[in-house]
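**Q** A structural model of the following input is requested.
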Amino acid sequence: MLDSTAALLTYQAGIYFATGATPQRMGNRHPTIVPYETLPAAGGEFVIAVGNDEQWRRFCHVLGDPALADDPRFATNSGRVSHYEELRPLLVARLAPRTRGEWVSDLKAAGVPCGSVRAVAEVLEDPQLDARQMVETVNHMTAGAVRVLGVPIKLSDTPGAIRIAPPVLGQHTDAILQEDLGMTPVDIAALRASGVIS
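**A** Below is the predicted model of the structure:
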């Protein structure tokens, strides 16, 4: 887990290695690429990832403000980074009238990387999760049919599967004590009688 988490530092690690400076909190913003962050629109937020100046020009065209692409403060990525505090409010104002879905659709069509920031309910109802067997229904001992997350690692020879519902308190105590610890039913009964287990 440590290795995986450290690997997520990507460019932040690069900044630290190159400068020795500890990166500061920036929310969802990228420290060296602008705009590359979460922005609000009507009905929700979305991520925009304008990774180069050509994408910036396409973004401004979709935004309905091609002149913004040529503004000397914003024409290059380094300019956009330097003038971030001026640029962000302009983008927020221009994005506000349209919905997140409209922006994502139009920007994707123009080849500008972006995507919706979805609520948990939106994610869990996504048909792709069903197709990937990431939402399963199991029969719980007391709650009946319940939905649970599936197994994310799909190995061809040894695929994982959800076989049973989450247990109720103590449901598997006897089986664990017998199968894993080698206790006899008499031993288990003695533990129960002494109050060690219920």
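**Q** Need the CA coordinates for the helix or strand in which Ala18 is found. PDB is fine.
**A** Element membership of Ala18, judged by DSSP states H and E, is helix 10-19. The C-alpha trace of helix 10-19 is given here as PDB (Å, rounded to 0.1, in the frame of the first residue of the first chain):
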ATOM      1  CA  THR A  10       4.100  11.500  -9.600                       C
ATOM      2  CA  TYR A  11       4.700  15.200 -10.500                       C
ATOM      3  CA  GLN A  12       4.700  16.200  -6.800                       C
ATOM      4  CA  ALA A  13       7.600  13.900  -6.200                       C
ATOM      5  CA  GLY A  14       9.300  15.300  -9.300                       C
ATOM      6  CA  ILE A  15       8.900  18.800  -8.000                       C
ATOM      7  CA  TYR A  16      10.300  17.800  -4.600                       C
ATOM      8  CA  PHE A  17      13.300  16.000  -6.200                       C
ATOM      9  CA  ALA A  18      14.100  18.900  -8.500                       C
ATOM     10  CA  THR A  19      13.700  21.700  -6.000                       C
END
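**Q** So in that sheet, which strands flank the following helix or strand past that helix, and in what orientation?
**A** Remark: after helix 10-19, the chain's next helix or strand is strand 36-41, criterion DSSP H and E. Paired strands of strand 36-41, with direction, are strand 44-49 (antiparallel) (DSSP bridges).
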